[in-house]
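In: okay, sequence plus prediction incoming.
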Amino acid sequence: MKYTPTLTGLAALVMAVGIGVPASAYASGTVAGAEVDGVIVVSGNTCSWTGADASATPPSALTVDRSTINKPGGNLTCGGGITASLNNNPAFTFDDAAGTATTDVIDLTGKQSFVSCRYKVTNIVWNRDGATRKYVNTPFTATKVSGSFLCPGSFSAAAGEASVVFR
């Protein structure tokens with residue numbers, strides 16, 4: 001029986017920002033009050049974070065500071081014994097007329113037990129929820145870039161399995 005870790009949906013988890021800290025505490029290039037939260041359900045386990053810093057507010061193009069998502073500076077947590085970490089600062093562009101956002105690259109490492117897997121996905125499109133700044137993912141496929149032979153070579157995420165809220 002081949003072991004398949006439940007890490008396969010983690011790449012979508014990467015997009016959240018902000019806890020309202022004083023402007024002087026924000027990383028260089030971020031805007032006070034530009035925050036994003038995120039959530040994804042991975043094989044029945046929920047991963048989420050709040051309070052990540054962004055370089056701007058939508059609809060301006062922005063990047064999300066991974067150090068404010070990853071621990072120890074951030075609060076990314078997952079159920080089911082999964083740990084995750086974002087390897088890049090994802091860039092978002094917005095098309096308010098179409099009600100979409102697009103992420104350039106998400107590069108994420110997930111670990112469960114002794115198995116570590118790194119995946120990348122490019123050009124994820126997110127649909128806006130009405131007039132809010134909540135966005136949900138469209139379907140995408142992430143490709144393994146490194147990790148154990150036990151890691152799947154790629155995985156697909158269905159629409160709506162991840163969301164981000166800019167605030």
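Out: In hand now; what should we look at?

In: could you use CA atoms for every contact and neighbour count after this?
Out: Will do.

In: low-confidence ranges in the chain?
Out: 1-32, 42-43 (pLDDT under 70).

In: please, where are all the helices along it?
Out: Ranges of helices within the chain: none, based on DSSP state H.

In: all the strands of it, residue numbers only.
Out: Using DSSP state E, the strands of the chain run over residues 35-42, 45-53, 62-63, 77-78, 82-86, 91-95, 100-112, 115-128, 134-137, 140-147, 154-157, 162-166.

In: quick one, what contacts the nearest residue to Lys134 once chain neighbours are set aside?
Out: The shortest distance from Lys134 to any residue other than its chain neighbours is 4.2 Å, reached at Val165 (Cα to Cα, 6 or more residues apart in numbering). The neighbourhood of Val165, defined by Cα atoms under 8 Å, 6 or more residues apart in numbering, consists of Ala16, Val36, Asp37, Gly38, Arg133, Lys134, Tyr135.

In: so which of those is the closest to Gly153?
Out: Distance to Gly153 across the contacts of Val165 (Cα to Cα) is lowest for Gly38, with 24.8 Å.

In: my guess is that closest one meets Val164, correct?
Out: Yes. Using Cα atoms under 8 Å as the test, Gly38 is close enough to Val164 to be in contact (4.3 Å).

In: which residue packs closest to Gln112, ignoring adjacent ones?
Out: In space, not counting the residues next to it along the chain, Gln112 is nearest to Ile82; the distance is 4.8 Å by Cα to Cα, 6+ apart.
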